[in-house]
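# Sequence and predicted structure below; questions after.
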Amino acid sequence: MKRSRINDILREGDAFIRSHGYTLPPFAYWSPDELSARDHTQIKTRRMGWDITDYGKESFDDMGLFLFTTRNGLNSDLGKHSAMLYAEKIMISRRDQLSPMHRHDIKVEDIINRGGGTLVIELFAADPQGEIDRQSDVTVMVDGLARTMPAGTHLKLAPGESVSLFPNHWHAFWGEGDDVLIGEVSTVNDDLTDNIFEMDIGRFSNVEEDDIPLHLLVSDYDTHL
């Protein structure tokens, strides 16, 4: 993905977020130079910030996701009794833009439709080996109520509705009718090791540097900070 395209997506995404009354934290708007000059240790270590992915397939409009991690704990703290064991993201799933089928080994997450169109989530249970079970029913919590549905159900969440997903839940999602602002509240988020995809894809975009970065992505931190 070209850096110029990423810059455009950042501007468009920020405008969409603001249109729903949500404001990103101050560090979201630091330039690469300003972020580098400040004490960015915790931001880098916790991988907080902007994340634009096309899963390495160079077709963001068809398969991709806009994310911003506002807070995040550390894997090394998991299991402790007094630690930051949670994470929060704000995301944008564009109309008919697929976030492909995947699950997590560790993360438990609530996915919340914060506004816009309908969020459609395709659901499967995992079998004992962790693979997709295309036969068995799948049970999830939707706003505190257990719902059992056939494998492959398209669960539709209107603004304000949410679903709780556990490591035994395979899921893919997209916006229906309009772009969707999505909230995610979860246990510690680790996008380097805790994403298991059905397809042979990567988690991050391959960036072609045709422009100066408007803001650094979390995937830029290791090379730019």
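Looks like it came in fine.
# residue ranges of the helices in this structure, please?
In the chain, the helices defined using DSSP state H lie at 3-19, 32-37, 41-45, 221-224.
# The first one: how far from the chain's middle?
From the chain centre to the centre of helix 3-19 is a distance of 16 Å (Cα atoms, centre = their mean, to the nearest Å).
# Count the neighbours of the nearest residue to His40 once chain neighbours are set aside for me.
Leaving aside its sequence neighbours, His40 sits nearest to Leu225 (Cβ to Cβ, 6 or more residues apart in numbering; 6.0 Å). For glycine as for every other residue, the C-beta is placed from the backbone atoms N, C-alpha and C. Leu225: 13 surrounding residues under other Cβ atoms under 10 Å.
# ranges for the strands of this structure?
49-53, 65-72, 86-93, 99-103, 109-126, 132-133, 138-142, 145-149, 153-157, 162-165, 169-187, 196-197 (DSSP state E).
# now Arg203: how far from Phe197?
As defined by Cβ to Cβ, to the nearest Å, Arg203 lies at a distance of 8 Å from Phe197.
# Need the overlap of contacts for these two.
Here Arg203 and Phe197 share the contacting residues Tyr55, scored by Cβ atoms under 8 Å, 6 or more residues apart in numbering.
# Could you give the number of residues near Asp137?
13.
# go on, Ser136?
Using other Cβ under 10 Å: Ser136 sits among 12 other residues.
# now it: how far from Pro100?
Taking Cβ to Cβ, one finds Ser136 at 21 Å from Pro100.
# avg pLDDT for stretch 53-71?
The pLDDT scores in stretch 53-71 average 97.
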